[in-house]
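Participant: I'd like to go over a predicted model; first the sequence, then the structure.
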Amino acid sequence: MSIEVGGVVEGTVTGITKFGAFVDLADGKVGLVHISEVADVYVNDVKDFLKVGQKVKVKILNVDDHGKIGLSIKRLQPKKPEAAPVGAGAPAQSFQRPQRRPIGTDFRGGKPAGRFPSGPVSFEDKLSKFLKDSDERLTDLRRKTDSKRGGRGSRRSG
């Protein structure tokens with residue numbers, strides 16, 4: 001049996017590591033099934049899916065210049081049908097959408113926040129309002145921080 005990229009061969013798992021499993025192939029060659037190529041689901045531990053001595057069918061992904069053989073078990077598994085978009089014959093799933101607060105209301109009970117005026121506002125107006133609010137908050141923060149430090153040299157004894 002020859003080792004060709006894209007071919008499917010049967011082998012025996014000879015060793016398991018944290019990064020994959022070594023598989024003994026025909027002609028005494030050994031390939032590696034990387035942990036990402038073991039299954040379609042997230043694999044935390046290869047030992048949960050494979051055992052030493054287990055016979056497996058693998059697909060040959062690549063053979064590099066040094067003779068290392070990359071293998072995959074996952075690519076031989078039948079593909080799971082992807083969910084069709086809603087409206088394409090698939091029944092719509094019922095789910096509860098999270099409650100959203102109306103734009104321009106405060107987090108504490110839906111009172112108007114007062115940060116943005118109601119009605120259509122241009123991007124430039126929003127940006128200037130944001131910069132003004134940001135500058136005010138930064139100034140308040142500096143004042144509070146400076147008062148804790150002793151005023152940044154404003155009270156020098158001479």
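Facilitator: Okay, I see it. Not measured: the values here are computed from a predicted model. Residues are numbered from 1 along each chain as shown.
Participant: Make sure residue 145 is indeed in a strand.
Facilitator: No. Residue 145 sits outside any strand when classified using DSSP: H, G, I helix; E, B strand; the rest coil, being helix.
Participant: if I look at it, how far off is residue 138?
Facilitator: Distance of residue 145 to residue 138, computed by Cβ to Cβ, to the nearest Å: 10 Å. Just so you know, the C-beta spots here come from the backbone N, C-alpha and C atoms, and that holds for glycine as well.
Participant: low-scoring stretches of this protein, by residue?
Facilitator: Judged by pLDDT under 70, the chain has its weakly predicted residues at 1, 80-119, 150-158.
Participant: hey, where'd the helices end up in it?
Facilitator: With DSSP state H as the criterion, the chain has helices at 123-149.
Participant: quick check: domain ranges of it?
Facilitator: 8-76, 104-149 (automatic domain parsing).
Participant: Most tightly packed of the ones you listed?
Facilitator: Highest mean neighbour count of the domains of the chain: domain 8-76, a mean of 15 (counted as mean count of other Cβ atoms under 10 Å).
Participant: What is the linear distance spanned by that one between its boundary residues?
Facilitator: For domain 8-76, the first-to-last residue distance is 8 Å (Cα to Cα, to the nearest Å).
Participant: Now that residue 9 has come up, it's in contact with residue 27, right?
Facilitator: No. The pair residue 9 and residue 27 does not pass the contact test of Cβ atoms under 8 Å, sitting 10.3 Å apart.
Participant: that older thread, could I get the domains of the chain as TSV with distance to residue 2?
Facilitator: Output for those, formatted as TSV (distance: least, Cβ to Cβ, whole Å):
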stretch	distance to residue 2
domain 8-76	8
domain 104-149	64
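Participant: And residue 122, its phi and psi?
Facilitator: Backbone geometry at residue 122, expressed as degrees, to the nearest 10, gives phi -80, psi 160.
Participant: Next one: it from residue 136, what distance?
Facilitator: Taking Cβ to Cβ, one finds residue 122 at 21 Å from residue 136.
Participant: Residue 142 too?
Facilitator: Counting by Cβ to Cβ - residue 142 and residue 136 are separated by 11 Å.
Participant: cool, residue 25 as well?
Facilitator: The spacing between residue 25 and residue 136, counted by Cβ to Cβ, is 69 Å.
Participant: And for residue 55?
Facilitator: 71 Å.
Participant: Cool, thanks, talk later.
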